[in-house]
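**Q** Sequence below, structure please.
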Amino acid sequence: MPVDRRGLRRRLFELAAGQGGYFTAAQAKTLGYSHQAQAHHVGAGNWWRIDRGLFRLVEWAPGAHDELARWTLWSRGRAVVSRESAMSVHGIGEFESRHIHLTVPPGFTMRNDAVELHYAELPANDVSERSGYWVTTPLRTIIDIAANAPDEDQLARAIDDARRAGLVTNRRLRSRAEALDPRAALYIERAIQQAETP
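**A** Below is the predicted model:
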């Protein structure tokens, strides 16, 4: 029976569209692309080989945070974008990092030089779904950043940005930080007071 190449390509595009243009070799195989066909598409310039077992459609027009979908696929769906990387997604603060920050479950053993891993079980109300990846909520992101004794000026700006954007309230931030991490609550309180000082 002949292969419906057009239908196969459409299904691959639909899959990749929800993952920032990325897809795994296993996903492609499930759709009907043999390993030989996968090698052909890389060789023909239709797919970019991003990493072992990870591809991206060549014609994909990248979005602002599409690369984060790559790390979700790399982690086999177990990683959540967090900390400085989540700040960037939410457009708050001025924290920078040369790594992609991911929170993964305890016992996660994969490693990559491009990522900095943090270990925690995140409750569902601390994460939100984006196109192809999960990210910690602004509230959880600020608390996680505060737990690492950040620069208080930067933390105050991040809280102010999030508050002005309607992403958090001081009351909710204080309450959730006290429940999660007393050290983070202390830094958050200082940052709030600093932001409120004329």
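
**Q** OK, contacts around the residue nearest the centre of the chain?
**A** Taking C-alpha atoms, centre = their mean, the centroid of the chain lies closest to V81, which sits 2.9 Å from it. Going by C-beta atoms under 8 Å, 6 or more residues apart in numbering, V81 touches L68, W71, T72, V89, I100, H101, L102, Y133, W134, V135, T136. All C-beta atoms are positioned from the backbone trio N, CA, C, and that covers glycine.

**Q** Narrow the residues you listed to those in strands?
**A** Using DSSP state E to define strands, the subset of the contacts of V81 located there is I100, H101, L102, Y133, W134, V135, T136.

**Q** Touching, the second one and V80? I think so.
**A** So that's H101. No - with contact defined as C-beta atoms under 8 Å, H101 does not reach V80; the gap is 9.6 Å.

**Q** Please save the CA atoms from the longest helix along the chain in CSV.
**A** Using DSSP state H to define each element, the chain has its longest helix at helix 182-196. Extracted in CSV, the C-alpha atoms of helix 182-196 (Å, rounded to 0.1, in the frame of the first residue of the first chain):
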residue,chain,number,x,y,z
PRO,A,182,10.3,31.1,55.1
ARG,A,183,13.6,32.3,53.7
ALA,A,184,11.9,33.3,50.4
ALA,A,185,9.2,35.0,52.4
LEU,A,186,11.8,37.1,54.2
TYR,A,187,13.4,38.3,51.0
ILE,A,188,10.0,39.0,49.4
GLU,A,189,8.9,41.1,52.4
ARG,A,190,12.1,43.1,52.2
ALA,A,191,11.6,43.6,48.4
ILE,A,192,8.0,44.7,48.9
GLN,A,193,8.9,47.2,51.5
GLN,A,194,11.7,48.5,49.3
ALA,A,195,9.3,48.9,46.4
GLU,A,196,6.7,50.7,48.6
